[in-house]
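[1] Please find the sequence and the predicted model below.
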Amino acid sequence: MVGNLRIGTSGYSYPDWIGVIYPPGLPRNGWLTFYAETFDTVEINSSYYRMPHADMLAALVRKVDPERFVFTVKTPQAFTHHRHELPEATASFVAALEPLIRSQSLGSVLAQFPFSFKRDQASLAHLEAVRRAIPAEVPVHIEFRHNSWYRADVLDFLRAHDLGFVNVDLPPLPGLPGGVTDHVTNDFGYFRFHGRNAANWWRPKTTGDRYDYLYTADELEPWMPTINKVRDTARTTFLFMNNCHRGKSAINAAQLQERLSLRPPEARPGWERLERRLFG
């Protein structure tokens, strides 16, 4: 049985998408509804920078059809970067998730750890604490940015603690994970594509510069058999493009929808005509 595959972008609320993805003049409060005409999932990443509130997430649910649209939510930095703050941040974060849980539109929680988070016993213990912090019925996925985690015993650890593995595409730089992976350590597959802008990865002038990259079809093609393999075995597989600068994530995500047979070639978003003018 072919599992459910959902493709979207890491965030949607970007002013530099105006005129590339969002029509000029579209009110900001209409962006998500417009986005949801093309995609059926999105990563909420504003929660990484500031603690979300239940009212905010409830408002997002009202902008989409919760029967077809699913959110994943990135944990605040207290879970991943300022890890000593996890105990005091847990209750607020879990309370914020309640509208998504209640509407059955929460696909997963994503914990994106920094390059400095390396495999050792203290880090493994922290991953256990992250899993305990989130209600058991909510899937939790872990993204590692250091290649010390890419080992069989880590995959066994994640399976034992009901933690999902995030397969990533990153620039080819020392210490970063590299190559195509197909790991699934809970019932859900998860892929994130960050672009391959090696020149701007470590010292970007802005965060957007790091993710300023448009994938070619040839660059994405080696991932296709792996995504289909995971799709065939996982309950649901999420695929998010995080190369968000000037809408490039949405452009590549729509291309992957077509490549992975989620929409016919003739069913093109209207903004793809604008994309071809700007990047063709």
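    Arrived safely.

[2] make it CA atoms for all contacts and neighbour counts henceforth
    OK.

[3] For the stretch 151-280 of the chain, just list every one of the helices.
    Per DSSP state H, counting those that start in this stretch, the stretch 151-280 of the chain carries helices over the ranges 152-160, 198-201, 207-210, 217-220, 224-233, 248-259, 271-279.

[4] Let me have those helices in TSV, extended by mean neighbour count, mean pLDDT and distance to N242.
    Shown next, in TSV, are those (neighbours: other C-alpha atoms under 10 Å; pLDDT from 0 to 100; distance: least, C-alpha to C-alpha, whole Å):
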stretch	mean neighbour count	mean pLDDT	distance to N242
helix 152-160	14	98	24
helix 198-201	16	94	13
helix 207-210	17	86	10
helix 217-220	11	96	14
helix 224-233	17	96	17
helix 248-259	22	95	6
helix 271-279	13	52	17
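
[5] Looking at these, which is nearest to G25?
    With C-alpha to C-alpha as the measure, helix 271-279 is the member of these nearest G25 (14.1 Å).

[6] okay, the helices of the stretch 151-280 of the chain in a markdown table with distance to S108 next?
    Shown next, in a markdown table, are those (distance: least, C-alpha to C-alpha, whole Å):
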| stretch | distance to S108 |
| --- | --- |
| helix 152-160 | 15 |
| helix 198-201 | 26 |
| helix 207-210 | 24 |
| helix 217-220 | 24 |
| helix 224-233 | 16 |
| helix 248-259 | 19 |
| helix 271-279 | 28 |
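
[7] So for K118, which of these sits nearest?
    Closest among these, using C-alpha to C-alpha: helix 152-160, at 11.5 Å.

[8] ok, and what's touching the closest one?
    Defining contact as C-alpha atoms under 8 Å, 6 or more residues apart in numbering, one finds that helix 152-160 is touched by 164-165, 183, 185-186.

[9] if you set the cut-off to 7 Å instead, what comes out?
    Under the criterion C-alpha atoms under 7 Å, 6 or more residues apart in numbering, residues 164, 185-186 lie in contact with helix 152-160.

[10] low-scoring stretches of the stretch 1-150 of the chain, by residue?
    Counting by pLDDT under 70, the ranges of the stretch 1-150 of the chain that qualify are 1-3.

[11] What segments of it are helices?
    For the stretch 1-150 of the chain, the helices defined by DSSP H, counting those that start in this stretch occupy 31-35, 46-49, 54-62, 77-80, 86-102, 121-133.

[12] Just name the most buried of those helices.
    Comparing the helices of the stretch 1-150 of the chain by mean neighbour count (mean count of other C-alpha atoms under 10 Å), helix 77-80 comes out on top with a mean of 22.

[13] In contact with C244, which residues are there?
    So C244 contacts 211-212 (C-alpha under 7 Å, 6+ apart).

[14] rerun at 10 Å
    C244 sits next to 9-12, 14, 16-17, 194-195, 207-214, 250-252 when contact means C-alpha atoms under 10 Å, 6 or more residues apart in numbering.
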